[in-house]
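1. Return a 3D structure for these sequence lines:
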Amino acid sequence: MLALRLTRVAHPAVQLRRLTVVAASAGTGFLLLCSLGHALGHPADPSAALLRLAWCAVPLAATAYLAVAVARSDPGTRPRGGLSALGLGPARLMAVSAATTALSCAFGALLALLLFLWLRGDLPGPPFPFHGAPHAVLAARKRLPVPGTLLLLATVPAVASAAVAAALRPREPKAPPARAAGTARGTAHDDREPHADGNGTAGGIGTAEGNRTAGGIGTAEGRPADAPVADDDPGRPLPPDRSPTGLPWGIAVLAAGLTVETYAGGAGDAARAVLPGGLTAGSAPVLAGWLLTAVGLALAGPGLTHLCGRLLQAVRPGAVRLLAGRVLMAEAGRIGSPLGVLCAVASAAFAMIALHGHASGRFGPLTALGALLVAGCAVAALVTAAVEARQLRVGTTAALRRLGAPATVLRSAAALRTAALLALFTPLTWAIATLAALPLTR
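-> Numbers count the residues shown, from 1 in each chain. Modelled structure (predicted):
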């Protein structure tokens, strides 16, 4: 009930982001139903039906990734002070986010079922004029098995809500590093001197709220400065001096994928695998290497974004370069991963187009739908992360304007950040796509 109320009273921008999840889940559900229709229409060829069903895992993963990005940017399910007393702690808010995602994906799956039944002619009204191969995919003259249909349609909400619950699960608070030696922590209790107001601290320094700590240092909220801080948002802005830890792993996985593709490109025709749209790959290890390159780019995205921000500040930077670089370094953990995913999708699309030039088949409508769905989810996740990062910078931007920073400086810094990211990721995407497609076009 709480998830329904939050969905009803949400901001129009939040509703628009949820509609993208509905559209993605509808497209994925339609592809799953088409794989079921192909299996019903070709009962003598179970391997082809299994291959189509396995190919639907890519749009399913893209839909789950978009659902996680939208759930993280939802302001209605973020932890706030005082909500725990009402029973809305981090665990309850995580459950609300998962339930909201399940509702959106279930609505999309229902739309996919209605469209599939209409195309088959099972609903009242004139059916769509399909002839030939589409009838074989839809299995228009076959009766749909109700358990299998419900199981396939329930896959999308189940996977998306599980991904949201895993991404937003409450995490244990992390204590900051210990203070350096020589602070007032090592002073004895009998060394305390009473303050003017009768309250004493270890060094005679108190906070404005009257809260006293060992060393006399407190926070604005009244808790000690060395208290553990919760780490509930893995995509939160990083400190500028802290680099993401996924860059070495991403480079290693990327190098492993390219190596697998290079050594497997000369394989014979014994292990050939058919791709959607009539394309063929030289061997199954080539496809495994292709997947490894995509995972490596996704892991290396935050580190590359952080590196891009550091390079912007090199060699005596001015105000614009310094501001642009610091923002990129701080937001590398939030926008870096969507950038890496989009780079991986663009590389796969470029390699697919290059491979299509060496194949005899053509892209079918379902292949085009799947490719459009994956690309749309990647772009939508990046736009969602960028909008969320801009909303989190509102306070900083307002402070800069109060200090007299011209609006042209802020716009120039934003343009410089965009240009720097394009200058880094565009040639990287082209180079990796070329290397990934090279073994497939031999």
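2. would you list every one of the strands in the stretch 251-400 of the chain?
-> In the stretch 251-400 of the chain, the segments counted as strands under DSSP state E, counting those that start in this stretch are 273-274, 280-281.
3. Pull up the gap between the spatially closest residue to residue 296 that is not a sequence neighbour and residue 292, please.
-> Nearest non-adjacent residue to residue 296, counting by C-beta to C-beta, 6 or more residues apart in numbering: residue 254, 3.0 Å away. Every residue, glycine included, has its C-beta placed from N, CA and C. Remark: distance between residue 254 and residue 292 (C-beta to C-beta, to the nearest Å) = 7 Å.
4. Tell me, please, where in the stretch 51-200 of the chain the pLDDT is lower than the cut-off.
-> Scanning the stretch 51-200 of the chain for pLDDT under 70 picks out the ranges 76-89, 125-137, 172-200.
5. change it to 80
-> Along the stretch 51-200 of the chain, the model assigns pLDDT under 80 to residues 74-93, 121-142, 170-200.
6. Which parts of it are helices?
-> 57-72, 90-120, 133-138, 146-167 (DSSP state H, counting those that start in this stretch).
7. out of these, deepest packed?
-> Across these, the average number of neighbours (mean count of other C-beta atoms under 10 Å) peaks for helix 57-72, which reaches a mean of 24.
8. among the helices of the stretch 51-200 of the chain, which is nearest residue 394?
-> helix 57-72 (17.3 Å; C-beta to C-beta).
9. For residue 289, give me its contacts.
-> By C-beta atoms under 8 Å, 6 or more residues apart in numbering, residue 289 lies in contact with 256, 257, 258, 259, 260, 261, 262, 264, 436, 439.
10. now the helices of the stretch 51-200 of the chain in TSV, with distance to residue 401?
-> Below are those laid out as TSV (distance: least, C-beta to C-beta, whole Å):
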stretch	distance to residue 401
helix 57-72	27
helix 90-120	32
helix 133-138	57
helix 146-167	34
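11. quick one, which of those helices is nearest to residue 352?
-> helix 57-72 (11.7 Å).
12. which strands and helices sit next to that closest one?
-> Contact here means 3 or more C-beta pairs under 8 Å, 6 or more residues apart in numbering; DSSP states H and E; on that basis helix 57-72 packs against helix 12-41, helix 90-120, helix 146-167, helix 365-392.
13. Just the CA coordinates for stretch 68-75, please, in PDB.
-> Written as PDB, here are the backbone C-alpha positions of stretch 68-75 (Å, rounded to 0.1, in the frame of the first residue of the first chain):
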ATOM      1  CA  VAL A  68      18.300  -0.200 -10.300                       C
ATOM      2  CA  ALA A  69      19.300   3.200 -11.700                       C
ATOM      3  CA  VAL A  70      15.700   4.500 -11.400                       C
ATOM      4  CA  ALA A  71      15.300   3.100  -7.900                       C
ATOM      5  CA  ARG A  72      18.500   4.800  -6.700                       C
ATOM      6  CA  SER A  73      17.300   8.200  -8.100                       C
ATOM      7  CA  ASP A  74      13.900   7.900  -6.500                       C
ATOM      8  CA  PRO A  75      13.700  10.700  -3.800                       C
END
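14. List the contacts of that stretch.
-> In contact with stretch 68-75 (C-beta under 8 Å, 6+ apart) are residues 10-11, 14, 17-18, 20-21, 77, 97-98, 100-101, 163-164, 167-168, 233, 235, 338, 380-381, 384-385, 387-388.
15. Wasn't residue 43 part of a strand?
-> No. Read with DSSP: H, G, I helix; E, B strand; the rest coil, residue 43 is coil and lies in no strand.
16. which phi and psi does it have?
-> With angles defined as degrees, to the nearest 10, residue 43 sits at phi -70, psi -20.
17. residues touching it, list them.
-> Residue 43 neighbours (C-beta under 8 Å, 6+ apart): none.
18. per-residue confidence at it?
-> For residue 43, the pLDDT comes out at 80.
19. cool, and residue 427?
-> 92.
20. hang on, the earlier thing: output the contacts of residue 289 in a markdown table, with pLDDT appended to each entry.
-> Output for these, formatted as a markdown table (pLDDT from 0 to 100):
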| residue | pLDDT |
| --- | --- |
| 256 | 89 |
| 257 | 85 |
| 258 | 84 |
| 259 | 85 |
| 260 | 83 |
| 261 | 76 |
| 262 | 76 |
| 264 | 65 |
| 436 | 76 |
| 439 | 68 |
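21. Serialize those to TSV and add fields for neighbour count and distance to residue 36.
-> Output for those, formatted as TSV (neighbours: other C-beta atoms under 10 Å; distance: C-beta to C-beta, whole Å):
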residue	neighbour count	distance to residue 36
256	16	35
257	23	32
258	20	36
259	12	37
260	21	32
261	27	32
262	14	37
264	19	32
436	26	31
439	24	33
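22. Turn those into JSON lines, including distance to residue 139.
-> Compiled in JSON lines, the contacts of residue 289 are given as follows (distance: C-beta to C-beta, whole Å):
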{"residue": "256", "distance to residue 139": "41"}
{"residue": "257", "distance to residue 139": "37"}
{"residue": "258", "distance to residue 139": "41"}
{"residue": "259", "distance to residue 139": "42"}
{"residue": "260", "distance to residue 139": "37"}
{"residue": "261", "distance to residue 139": "36"}
{"residue": "262", "distance to residue 139": "41"}
{"residue": "264", "distance to residue 139": "36"}
{"residue": "436", "distance to residue 139": "35"}
{"residue": "439", "distance to residue 139": "36"}
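23. shaky segments in the stretch 201-350 of the chain?
-> 201-244, 261-291.
24. returning to that earlier point: which of the helices and strands packed on helix 57-72 sits closest to residue 349?
-> Closest of the helices and strands packed on helix 57-72 to residue 349 is helix 365-392, at 6.6 Å (criterion: C-beta to C-beta).
25. circling back: what is the burial count for the residue nearest to residue 296?
-> If you count neighbours by other C-beta atoms under 10 Å, residue 254 ends up with 23.
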